[in-house]
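Undergrad: coordinates only, sequence not included:
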């Protein structure tokens, strides 16, 4: 699976996370889209205090693994849908 990059996040934000609304949805790996969904949900739960510190560290490590670079990680943290 390729890493999450700014291009994918542009597409994600343009349709507010709804893959079915994306005009090029057939060109997007649905597993990668689902990974973005999962991480954004995790970040939402972390930001609202619903997780432990250990889980927050796990999510941080996961983002490091699946994102193209640190700027993508920071952008993921800033997304609010």
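TA: Thanks, I have the structure now. Here the structure is a predicted model, which is why all the values come from computation and not from measurement. Residues are numbered from 1 along each chain as shown.
Undergrad: how near is the closest residue to residue 29 other than its chain neighbours to residue 17?
TA: Distance criterion CB to CB, 6 or more residues apart in numbering; nearest residue to residue 29, sequence neighbours excluded, is residue 1 at 6.5 Å. No exception for glycine: its C-beta is placed from N, CA and C like everyone else's. Plainly put, residue 1 is 18 Å away from residue 17 if you go by CB to CB, to the nearest Å.
Undergrad: the two: who's more crowded?
TA: Legend: neighbour count by other CB atoms under 10 Å for residue 1 and residue 17, higher for residue 17 (16 against 8).
Undergrad: hang on, the more buried one packs against residue 39?
TA: No: counting by CB atoms under 8 Å, residue 39 is not a contact partner of residue 17; they are 11.5 Å apart.
Undergrad: for stretch 63-79, buried residues please.
TA: Neighbour counts over stretch 63-79 (16 or more other CB atoms under 10 Å) mark 63, 66, 67, 72, 73, 75, 76, 77 as buried.
Undergrad: also stretch 36-47?
TA: Neighbour counts over stretch 36-47 (16+ other CB under 10 Å) mark 36, 39, 40, 42, 43, 46 as buried.
Undergrad: any chance of TSV for those residues, columns secondary structure and pLDDT?
TA: Putting those into TSV (DSSP: H, G, I helix; E, B strand; the rest coil; pLDDT from 0 to 100) gives the following:
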residue	secondary structure	pLDDT
36	helix	98
39	helix	98
40	helix	98
42	helix	98
43	helix	98
46	helix	97
